[in-house]
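Asks: Provided below are the primary sequence and the corresponding predicted coordinates.
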Amino acid sequence: MQKFDAIIIGTGQAGPPLAARLVDAGMQVAVIERQSFGGTCVNTGCIPTKALVASAYAAKVARRSRDYGVRVPGDVTLDMKAVKARKDAISGQSRDGVERWMKGLKSARVYQDHARFLSPREIAVGNEVLSAEKIFINVGGRASVPPMPGLDQVAYLTNSSMMNVDFLPEHLVIVGGSYIGLEFAQMYRRFGSAVTVIEMQPRLIAREDEDVSDAVAGILEQEGIDVRLNATCLTVAREGKGISVGVECAVGPPKVAGSHVLLAVGRRPNTDDLGLDKAGVAVDGRGYIQVDDELRTNVPGIWALGDCNGKGAFTHTSYNDYEIVAANLLDDGRRRVSDRIEAYALYIDPPLGRAGMTERQVRQRNKPALITKRPMTKVGRAVEKGETQGFMKILVDAGDKRILGASILGVGGDEVIHALLDLMYAKAPYTVMQRAMHIHPTVSELLPTMLGELEPLTMG
Ligand SMILES: Cc1cc2nc3c(=O)[nH]c(=O)nc-3n(C[C@H](O)[C@H](O)[C@H](O)COP(=O)(O)OP(=O)(O)OC[C@H]3O[C@@H](n4cnc5c(N)ncnc54)[C@H](O)[C@@H]3O)c2cc1C
């Protein structure tokens, strides 16, 4: 039995920085990773997809070059092997960096195998048993594969296997019209595939406001992506050399034939093969580890961070989990999950930056609120760039004048949102930003202007 002060299972976005902090604090630490250092974000999530989004954007701009007075002779074609190689290099650099970092920590030992609880203090890894008074679970999640009839008969893709694709699918059928599915949809359309998105809900990204969903659908449809909503009774079958997805939609034919099918219908936590029952760690009905506001599980000495605790599904929420645990354990500060403000982005082009409440949530609150909205066609910087799709929307509490939420769908939306997010963290009234002088010409320069145009939000 190997004894440590702390064991970290998984090297996602929380485990590695926590390992480094614990080592700095003088602890002997075991770090266990069963697959690729850096986890989802680095290997099959944010980093590789955003590298691919960048290639897709380059293709889009090249095709539109004449709009800018630039002549690119001949057709724009893609070298998918080169696109993948670029993505692999960016992702690989990050993965190697995490691996070197962990293996270079002076009082940490790295195990490359599957970890499983034997008891609340013991972990089996390979042929060894490790024990520690503190155990941190950062095992992340994976694509969930729904029990769709026919799925056992066909080859299907997930976000992970998409990373090996170095060819152009003739017709990519994507099941799932949410964040992951839409990023792949637009990028493959821009690469040159025919793309159909199948969504069971009556609209895409259904947790967003209707105007956001509609604008996103418009952006995608304008690029030639076929969107099938209200798709129920999904089935898949082999059809010739390709596949077909059976759908019962309000409109359109009952099946969609394509060359490849990508499942993007959500994620599930990697907690089913962790032996949590041996440790007595409680999970909810979907397998997410139950934690309190400081990320402690029901078993003293065991914490759960990142996607596996169901409190967030992003790299920044996982990293924030690390900051909370480290601050509460090693620093004086008390930090809590409930202190953070919801924020994320959807990386289609133009991107959607989101912070705080949606308009729907503000209405449900049923308290006086103010709203301001501006199309990107009325933003000078967007006009100059020739990228005027989308709009900006900000919601404010009419009483204390604090920002309640914002949706910035437009060029730079993933960056612009942070000005509003930071004002929200500062708990400052909107008038602070309204009087601020922003830089011209930027998208953000319109934020003070918009805040001068707030109107009452009609309830009901
Ligand atoms: C396609 C896609 C795009 C995304 N894009 C974004 C984005 O743009 N922005 C954003 O913020 N988020 C994005 N995400 C989400 C983001 O990737 C995750 O929220 C983030 O990686 C947080 O993960 P984590 O720290 O919880 O663990 P993970 O990164 O999932 O890592 C968990 C690690 O634990 C290891 N592990 C699991 N079980 C065991 C075990 N029993 N023993 C040993 N090791 C184990 C795994 O191998 C893995 O390396 C995206 C996700 C996907 C799928």
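Replies: Looks like it came in fine.
Asks: quick one: whatever residue of the chain ends up closest to the ligand and Arg116, what's the gap?
Replies: Closest contact between the chain and the ligand, by CB to the nearest ligand atom, is at Gly140 (1.9 Å). From N, CA and C alone the C-beta is placed, and that goes for glycine too. Distance, Gly140 to Arg116, using CB to CB, to the nearest Å: 16 Å.
Asks: between those two, who's got more neighbours?
Replies: Counted by other CB atoms under 10 Å, Gly140 and Arg116 do not tie: Gly140 has more neighbours, with 26 against 18.
Asks: Spatially central residue for the chain, please.
Replies: Phe314 (4.9 Å; CA atoms, centre = their mean).
Asks: Next, find the distance separating that one from Thr40.
Replies: 10 Å.
Asks: same thing with Ala132?
Replies: 25 Å.
Asks: More neighbours: which of the two?
Replies: It is Thr40, of Ala132 and Thr40, that has more neighbours when counted by other CB under 10 Å, with 26 against 22.
Asks: quick one: the spatially closest residue to that one that is not a sequence neighbour from Arg340, how far?
Replies: With CB to CB, 6 or more residues apart in numbering as the measure, Gly140 is the residue that lies nearest to Thr40, at 5.3 Å, once sequence neighbours are left out. Separation of Gly140 from Arg340 (CB to CB): 19 Å.
Asks: Tell me the helices and strands packed up against the longest strand seen in the chain.
Replies: Secondary structure of the chain per DSSP state E: the longest strand is strand 128-137. Using 3 or more CB pairs under 8 Å, 6 or more residues apart in numbering; DSSP states H and E, the elements in contact with strand 128-137 are strand 2-9, strand 29-32, strand 122-125, strand 302-304.
Asks: returning to what we had before: is it true that the residue nearest to the centre of the chain touches Leu346?
Replies: No. With contact defined as CB atoms under 8 Å, Phe314 does not count as touching Leu346 (11.4 Å).
Asks: Number of residues surrounding Ala279?
Replies: Ala279: 23 neighbours (other CB under 10 Å).
Asks: hang on, isn't it packed against Ile302?
Replies: Yes. Using CB under 8 Å, Ala279 is in contact with Ile302, at 6.5 Å.
Asks: what about the helices in the stretch 101-250 of the chain?
Replies: 179-191, 210-222 (DSSP state H, counting those that start in this stretch).
Asks: residue contacts, the residue nearest to Ala143 when sequence neighbours are not counted?
Replies: Leaving aside its sequence neighbours, Ala143 sits nearest to Thr158 (CB to CB, 6+ apart; 3.8 Å). Under the criterion of CB atoms under 8 Å, 6 or more residues apart in numbering, the neighbours of Thr158 are Arg142, Ala143, Val145, Leu262, Leu263, Ala264.
Asks: Show me which pair in those is furthest apart.
Replies: Arg142 and Leu262 (14.6 Å; CB to CB).
Asks: Look at those two and report which has more neighbours.
Replies: Comparing Arg142 with Leu262 by other CB under 10 Å, the one with more neighbours is Leu262, at 27 against 16.
Asks: How about the backbone phi and psi for that one?
Replies: phi -110, psi 130 (degrees, to the nearest 10).
Asks: ok, back up a step: give me the common contacts of Ala279 and Ile302.
Replies: By the contact definition CB under 8 Å, 6+ apart, Ala279 and Ile302 are jointly contacted by Pro120, Ile135.
Asks: got the residues of the chain near the ligand?
Replies: The chain has residues 9-14, 32-36, 39-41, 44-46, 49, 114-115, 138-141, 159, 180, 270, 274, 306-308, 313-316, 318, 347 near the ligand, with proximity defined as CB under 6 Å from any ligand atom.
Asks: could you flag which of the residues you listed are buried?
Replies: Among these, those scoring as buried are 9-14, 32-36, 39-41, 44-46, 49, 115, 138-141, 159, 180, 270, 274, 306-308, 314-315, 318, 347 (criterion: 16 or more other CB atoms under 10 Å).
Asks: Mind checking which of those land in strands?
Replies: Per DSSP E, these map to strands at Ile9, Ile32, Ala115, Gly141.
Asks: who's in contact with the second one?
Replies: Under the criterion of CB under 8 Å, 6+ apart, the contact partners of Ile32 comprise Ile7, Ile8, Ile9, Gly10, Val110, Tyr111, Gln112, Asp113, Ala115, Ile123, Val125, Leu130.
Asks: Beta-bridge partners for it, please?
Replies: Using DSSP bridges, the beta-bridge partners of Ile32 come out as Ile9, Tyr111.
Asks: what about Met376, how many residues close to it?
Replies: 25.
Asks: Hmm, it is touching Met392, no?
Replies: Yes. Using CB under 8 Å, Met376 is in contact with Met392, at 7.2 Å.
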